[in-house]
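Asker: Make a model of this:
(one chain, ligands or ions: 2)
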Amino acid sequence: MTAQRAISLPCEDDTLALGAQLAGAVPATSNHALCVTLSGELGAGKTTLVRGFLRALGVEGSVRSPSYALLETYELAARRVLHLDLYRLRDPEEVTALGLRDYDQPDAIWLVEWPERAADRLPLADLALRFEVGDEGHSVRIEAGTPLGVLWLSGSF
Ligand SMILES: Nc1ncnc2c1ncn2[C@@H]1O[C@H](COP(=O)(O)OP(=O)(O)O)[C@@H](O)[C@H]1O
Ligand SMILES: [Mg+2]
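Answerer: Ligands and ions are numbered 1, 2, ... in the order given. Here you go, the predicted model:
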C-alpha cells in the first residue's frame, strides 16, 4: 500500500493529468466527506490540479480559484465537490461562517487550497498534496493521512 508519493510535474498537462488520476480513483464509499489539501506557493499548480480533477468528473465550464468567495461547489452525478481557496481567510474562525458542516457528507469531496489558513478547523486530510517549484520545475509530494487516503493513493497509480 502506498502512503506517500513524490511526483515531478514538468508541465501543466502533467498537473492536469494527476488531477484526473486522483479523480479516477476516488474511494467509492466513506462515512464522511473526503478531504484533499493542496499546499504550496502561489502559482505552484493547486488550482490546475483541481481543474484536472473536475474535468475528469465531467465539469465542462471554467474552473477558477474561488479566491473571493472562498468556496465553489460542483454538483455532479454521483458526487458533490467543494473547492475551497482559503488564501484570503483572515482568521481561522472565519471558516465557521462558511457553513462547511453542511458539506460534511459521505458523497462530498473537499479540495482545499491554503488549508494552513484554517489552522485545525478542517477535517483530517485523506490526502495532503504539497506542491513545490524548484530549479527543476514543478513537483508535488502526496501523503495519505487516513486509511482511506492510502487506498485512494494506491488506486491512483
Ligand atoms: N506542472 C506545471 N508546470 C508548469 N506550469 C504549471 C504547472 N502546473 C501549473 N502550471 C501553471 O502555473 C500557473 C499557476 O497555476 P495555478 O494552478 O493557478 O497555481 P495555484 O493555484 O497554486 O496558485 C498556471 O498558469 C498554470 O498553467
Ligand atoms: Mg489557486
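
Asker: can you tell me if whichever helix in the chain runs longest touches ligand 2.
Answerer: The longest helix of the chain (DSSP state H) is helix 12-24. No. Helix 12-24 is not in contact with ligand 2 by Cβ under 5 Å from the ion; minimum separation 11.5 Å. Glycine gets a C-beta too; all of them are placed from N, C-alpha and C.

Asker: So what's the gap between that helix and the chain middle?
Answerer: Mean-position distance between helix 12-24 and its chain equals 11 Å (Cα atoms, centre = their mean, to the nearest Å).

Asker: then the next helix or strand after it to PDB, C-alphas only?
Answerer: Downstream of helix 12-24, the next assigned helix or strand under DSSP states H and E is strand 34-39. Below are the C-alpha coordinates for strand 34-39, written out as PDB (Å, rounded to 0.1, in the frame of the first residue of the first chain):
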ATOM      1  CA  LEU A  34     -13.300  13.100   1.700                       C
ATOM      2  CA  CYS A  35     -10.700  15.800   2.200                       C
ATOM      3  CA  VAL A  36      -7.800  16.700   0.000                       C
ATOM      4  CA  THR A  37      -5.500  19.500   1.000                       C
ATOM      5  CA  LEU A  38      -3.400  21.400  -1.600                       C
ATOM      6  CA  SER A  39      -0.400  23.400  -0.200                       C
END
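
Asker: next one: the helix or strand following strand 34-39 to chain centre, how far?
Answerer: Next in sequence after strand 34-39, counting helices and strands by DSSP H and E, comes helix 46-56. In terms of Cα atoms, centre = their mean, the centre of helix 46-56 is found 9 Å from the chain centre.
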